[in-house]
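**Student:** Sequence below, structure please.
(one chain, ligands or ions: 1)
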Amino acid sequence: MTRTLSGRTDHVVVVGAGLAGLSAALHLLGSGRRVTVVERDDLPGGRAGRLELNGYRIDTGPTVLTMPDLADEAFAAVGDSLHKRVDLIPLHPAYRASFADGSTLDVHTEGDAMAAEVERFAGAREAAGYRRLRVWLERLYRAQMRRFIDANFDSPLDLLTGDLARLAALGGFGRLDRRIGAFLRDERLQRVFSFQALYAGVPPARALAAYAVIAYMDTVAGVYFPRGGMHALPQAMADAAGDAGAELRFGEAVTRLERSGGRVTAVVTAKDRIRCDAVVLTPDLPVTYRLLGRAPRRPVRLRHSPSAVVLHAGTDRTWPQLAHHTISFGAAWRATFDELTRQGRLMSDPSLLITRPTASDPGLAPPGRHLHYILAPCPNTDIGPGVAAWGELGPRYRDELLGELERRGLDGIGSAVEDDSLVTPADWAGQGHAAGTPFSVSHTFLQTGPFRPRNLVRGTENAVLAGCGTTPGVGVPTALVSGKLAAARITGGARRPSARTEGAAR
Ligand SMILES: Cc1cc2nc3c(=O)[nH]c(=O)nc-3n(C[C@H](O)[C@H](O)[C@H](O)COP(=O)(O)OP(=O)(O)OC[C@H]3O[C@@H](n4cnc5c(N)ncnc54)[C@H](O)[C@@H]3O)c2cc1C
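**Tutor:** The predicted structure is shown next:
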């Protein structure tokens with residue numbers, strides 16, 4: 001049995017209406033709690049935000065939606081359904097990978113289609129390697145999901161289960177790049193199944209092989225796009241929470257928590273003082289620890305993931321070689337990770353994620369226009385250029401990126417841009433994200449599972465943390481799981497009929 005909060009937990013205030021906060025709210029409502037969600041922005045979504053720019057409807061954060069069942073679980077907690085509220089478009093291909101030697105590979109979710117594509121790209125031996133890799137990824141996912149990802153930890157000893165042995169036997173504690181290399185010899189293919197380590201904030205040469213679970217999610221389980229944009233997901237979650245009885249308060253920043261001994265008794269905003277029995281805190285860790293008035297002591301300072309520059313470009317044309325998601329790899333690989341995580345320099349030969357959401361939903365741009373989202377990983381402000389430097393560096397880097405894309409075959413992209421918005425680490429820092437990165441604390445071994453900042457904090461009896469800084473970690477699926485785990489700390493995972501579901505049963 002994992003620990004749960006003691007005392008009354010009838011009215012829970014959730015701070016933050018990002019994916020973690022909304023997931024917590026839905027799971028708590030499903031267990032019959034009264035829930036108030038307090039969000040500083042005027043919209044739900046947090047990092048999965050929305051920017052309206054001259055008729056373009058821009059997703060500011062995640063673009064790759066995987067594991068939608070985890071979102072559906074949150075809707076199902078209140079008797080609702082993701083699929084009733086959001087039209088999910090499966091992406092085929094999930095990605096297109098484009099390499100410096102001019103070759104391209106479409107990443108298909110379906111096994112036979114992908115094996116055929118790998119054979120076309122690199123021959124029959126690699127296709128056989130891909131089939132073995134796929135089986136391994138499926139086994140790895142099964143060994144990890146329920147026990148290591150969708151699980152609350154009270155101690156590293158909680159790891160000592162049969163699943164740990166299974167994970168070790170699968171090679172989960174080796175290095176990611178070597179493990180992938182055991183299946184695939186073609187260096188380009190190795191990249192396709194290991195670049196995801198960067199989502200976890202760690203180069204493939206240093207990431208645990210267990211993180212290949214992210215490659216499982218986006219190359220095997222499938223990638224989806226909600227019609228109307230990614231922001232349709234948090235908006236639907238907020239609507240479902242409201243319909244299930246939550247009070248949603250937007251445009252109210254929480255400034256402090258009132259305490260009585262070890263308990264938080266009220267959440268305070270500029271407008272109000274909201275009494276509570278328990279609180280779920282989802283802002284970035286430094287904000288959460290400041291609100292709590294204490295941060296847990298750790299032997300070593302937390303390390304943060306690399307950051308990203310994102311260029312949102314509304315254009316009067318597009319390029320047929322771009323799929324919904326295209327990864328444009330530079331020739332450099334190990335050196336790129338070194339620049340991002342050790343040297344603190346911008347990528348000299350960048351690998352870029354280019355998303356063209358209007359490929360699936362033209363309604364996201366004015367008629368005849370197209371939207372391109374260009375994400376360039378960059379060092380965080382702890383090791384790279386600081387917040388002040390980005391004022392001058394940002395526009396220069398924007399032009400460099402457009403120049404590079406032009407060289408890589410997007411002819412005329414510089415002059416095709418009619419409206420744009422550039423987001424740099426200075427902007428992420430301005431939103432309160434530590435080290436100028438929206439990707440939070442990295443997933444090194446010592447910041448993973450029971451070693452990651454825990455969702456319970458010493459000295460406060462009725463507060464639980466959720467969000468990408470705590471367990472299980474960064475990403476849409478994991479943020480959703482963190483909300484569920486936070487709710488389980490309050491309810492014990494048991495479901496009490498909510499006012500709504502009780503009413504429906506009568
Ligand atoms: C550019 C970018 C690209 C990404 N791409 C992907 C991707 O393709 N696939 C993927 O799976 N993941 C991706 N991610 C990661 C994923 O989006 C995040 O890990 C996830 O959305 C984090 O959710 P969260 O609820 O933990 O945090 P948040 O979304 O930050 O939620 C926290 C909420 O708390 C609010 N808040 C903060 N302080 C206060 C306060 N004092 N009072 C009230 N409210 C407060 C914030 O406004 C925010 O709404 C991406 C992220 C970014 C930024």
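**Student:** Name the residues of the stretch 51-200 of the chain found near the ligand, please.
**Tutor:** 61-64 (C-beta under 6 Å from any ligand atom). Using the backbone N, CA and C atoms, a C-beta is placed for each residue, glycine as well.
**Student:** same thing but at 8 Å, please
**Tutor:** 60-66, 199 (C-beta under 8 Å from any ligand atom).
**Student:** For residue 120, list the residues it contacts.
**Tutor:** Going by C-beta atoms under 8 Å, 6 or more residues apart in numbering, residue 120 touches no other residue.
**Student:** Just name the closest of the residues of the stretch 51-200 of the chain next to the ligand to residue 136, please.
**Tutor:** residue 66 (18.1 Å; C-beta to C-beta).
**Student:** Quick check, pLDDT for that closest one.
**Tutor:** Looking at residue 66, its pLDDT reads 96.
**Student:** Next: residue 502.
**Tutor:** At residue 502, the model reports a pLDDT of 42.
**Student:** where's residue 311 relative to the ligand, distance?
**Tutor:** Counting by C-beta to the nearest ligand atom, to the nearest Å, the gap from residue 311 to the ligand is 11 Å.
**Student:** which pair in the residues of the stretch 51-200 of the chain next to the ligand spans the largest distance?
**Tutor:** Longest distance between any two of these is 18.6 Å, between 60 and 66; criterion C-beta to C-beta.
**Student:** how close does residue 111 sit to the ligand?
**Tutor:** Here residue 111 is placed at a distance of 22 Å from the ligand (C-beta to the nearest ligand atom).
**Student:** which residues does that residue contact?
**Tutor:** Counting by C-beta under 8 Å, 6+ apart, residue 111 has contacts 131, 134, 220.
**Student:** Return the member of the residues you listed nearest to residue 50.
**Tutor:** Nearest member of the contacts of residue 111 to residue 50, counting by C-beta to C-beta, is residue 220, at 29.4 Å.
**Student:** Give me the secondary structure label for the closest one.
**Tutor:** Per DSSP: H, G, I helix; E, B strand; the rest coil, the local secondary structure of residue 220 is helix.
**Student:** nearest residue to it other than its sequence neighbours?
**Tutor:** Leaving aside its sequence neighbours, residue 220 sits nearest to residue 137 (C-beta to C-beta, 6 or more residues apart in numbering; 5.5 Å).
**Student:** List the buried residues in the helix or strand that contains that neighbour.
**Tutor:** In the assignment (DSSP states H and E), residue 137 maps to helix 124-144. Residues 126-127, 129-131, 133-134, 136-137, 139-141, 143-144 are the ones in helix 124-144 that count as buried (16 or more other C-beta atoms under 10 Å).
**Student:** quick one: average confidence on it?
**Tutor:** Per-residue pLDDT values over helix 124-144 give a mean of 95.
**Student:** Skip ahead from that helix and say which helix or strand is next.
**Tutor:** helix 162-169.
**Student:** That next one - contacts with which helices or strands?
**Tutor:** If you count contacts as 3 or more C-beta pairs under 8 Å, 6 or more residues apart in numbering; DSSP states H and E, helix 162-169 packs onto helix 124-144.
**Student:** ok and the helix it packs on relative to helix 162-169, angle-wise?
**Tutor:** For helix 124-144 against helix 162-169, the angle by axes from the mean of the first three to the mean of the last three C-alpha atoms, to 10 degrees is 160 degrees.
**Student:** got the CA coordinates for the helix holding residue 137 in PDB?
**Tutor:** The C-alpha atoms that make up helix 124-144 are tabulated as PDB, following Å, rounded to 0.1, in the frame of the first residue of the first chain:
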ATOM      1  CA  ALA A 124      16.300  -6.800 -45.400                       C
ATOM      2  CA  ARG A 125      18.700  -7.300 -42.500                       C
ATOM      3  CA  GLU A 126      17.800  -4.000 -40.900                       C
ATOM      4  CA  ALA A 127      14.100  -4.800 -41.500                       C
ATOM      5  CA  ALA A 128      14.600  -8.100 -39.500                       C
ATOM      6  CA  GLY A 129      16.400  -6.000 -36.800                       C
ATOM      7  CA  TYR A 130      13.400  -3.600 -36.700                       C
ATOM      8  CA  ARG A 131      11.000  -6.500 -36.100                       C
ATOM      9  CA  ARG A 132      13.100  -7.700 -33.200                       C
ATOM     10  CA  LEU A 133      13.400  -4.100 -31.800                       C
ATOM     11  CA  ARG A 134       9.600  -3.800 -32.000                       C
ATOM     12  CA  VAL A 135       9.100  -6.900 -29.900                       C
ATOM     13  CA  TRP A 136      11.600  -5.700 -27.400                       C
ATOM     14  CA  LEU A 137       9.900  -2.200 -27.200                       C
ATOM     15  CA  GLU A 138       6.500  -3.900 -26.600                       C
ATOM     16  CA  ARG A 139       8.000  -6.100 -23.800                       C
ATOM     17  CA  LEU A 140       9.800  -3.100 -22.300                       C
ATOM     18  CA  TYR A 141       6.600  -1.100 -22.200                       C
ATOM     19  CA  ARG A 142       4.700  -3.900 -20.500                       C
ATOM     20  CA  ALA A 143       7.400  -4.300 -17.900                       C
ATOM     21  CA  GLN A 144       7.400  -0.700 -17.100                       C
END
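**Student:** Bridged to residue 34, which residues?
**Tutor:** Assessed by DSSP bridges, residue 34 has beta-bridge partners residue 11.
**Student:** hang on, the earlier thing: is it possible to get JSON lines of the residues of the stretch 51-200 of the chain next to the ligand that adds neighbour count and secondary structure?
**Tutor:** Output for those, formatted as JSON lines (neighbours: other C-beta atoms under 10 Å; DSSP: H, G, I helix; E, B strand; the rest coil):
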{"residue": "60", "neighbour count": "23", "secondary structure": "coil"}
{"residue": "61", "neighbour count": "20", "secondary structure": "coil"}
{"residue": "62", "neighbour count": "20", "secondary structure": "coil"}
{"residue": "63", "neighbour count": "22", "secondary structure": "coil"}
{"residue": "64", "neighbour count": "22", "secondary structure": "coil"}
{"residue": "65", "neighbour count": "24", "secondary structure": "strand"}
{"residue": "66", "neighbour count": "21", "secondary structure": "coil"}
{"residue": "199", "neighbour count": "22", "secondary structure": "helix"}
